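# Got a predicted model here, sequence first, then my questions.
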Amino acid sequence: MSPMISPAPGGFEVRAHVPMPSVAVLRPEGELDMVTAPELVVRVEFHLDQQRHVVLDLRDVDLLTSNALQALLVVHNAAQRRGLRLRITGTDHGAVARVLGQTGLDAVLPITALSTEEAVAALAHPRPDARG
C-alpha cells in the first residue's frame, strides 16, 4: 500500500504506511499535544480495528505534552486489549527522550531500540523468544 498523509490541525500530520497486511506504521510529525493527541489515538485505533500490529515512529515529533503521554498509554492499552502489539520507535531524540525518561514512561510503554523497519519485520515474523 502507498503511504497516506493525513493533515490535522496546526500542521500536525500522520503518515501511515501498511507494509504488510498485519502491520501498520504510523509516523506523526509536529507537536503532539492536547489538540493533536486525540487524532493520533483515532488513527492508531483504526489500524488496531483492522487487526494490525502498529509501529509508532516518533522521530519527527517535536513536542510531547501530558495529553500526548496519555494518548500513548491509551493506544498501548488498546493494543493489549485486542491481543495486538504496539511498538514505539524513534524516541531517542531531544524532548521526546527527555519527557519519556523524566516521567518513567520509557519503562512502561513498548519502546524499542529497533529501527522502524526492524520492528516491522519482528512483528510480521515473530519468534517465540523475541520481544520485537
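On my side now, so go ahead. Source: prediction; values computed, not measured.
# CA atoms for contacts and neighbours, from now on please.
Will do.
# biggest strand in this protein by residues?
Longest strand in the chain, counting residues (DSSP state E): strand 23-32.
# Which strands and helices lie in contact with the longest helix anywhere in the chain?
Taking DSSP state H as the criterion, the chain has its longest helix at helix 66-82. When contacts are defined as 3 or more C-alpha pairs under 8 Å, 6 or more residues apart in numbering; DSSP states H and E, helix 66-82 sits against helix 37-49, strand 86-89.
# repeat that with 10 Å
When contacts are defined as 3 or more C-alpha pairs under 10 Å, 6 or more residues apart in numbering; DSSP states H and E, helix 66-82 packs onto strand 23-32, helix 37-49, strand 53-57, strand 86-89, helix 94-103.
# how about these, which one is nearest residue 17?
strand 23-32 (5.1 Å; C-alpha to C-alpha).
# The closest one to helix 37-49, inter-axis angle?
Angle, strand 23-32 to helix 37-49, by axes from the mean of the first three to the mean of the last three C-alpha atoms, to 10 degrees: 180 degrees.
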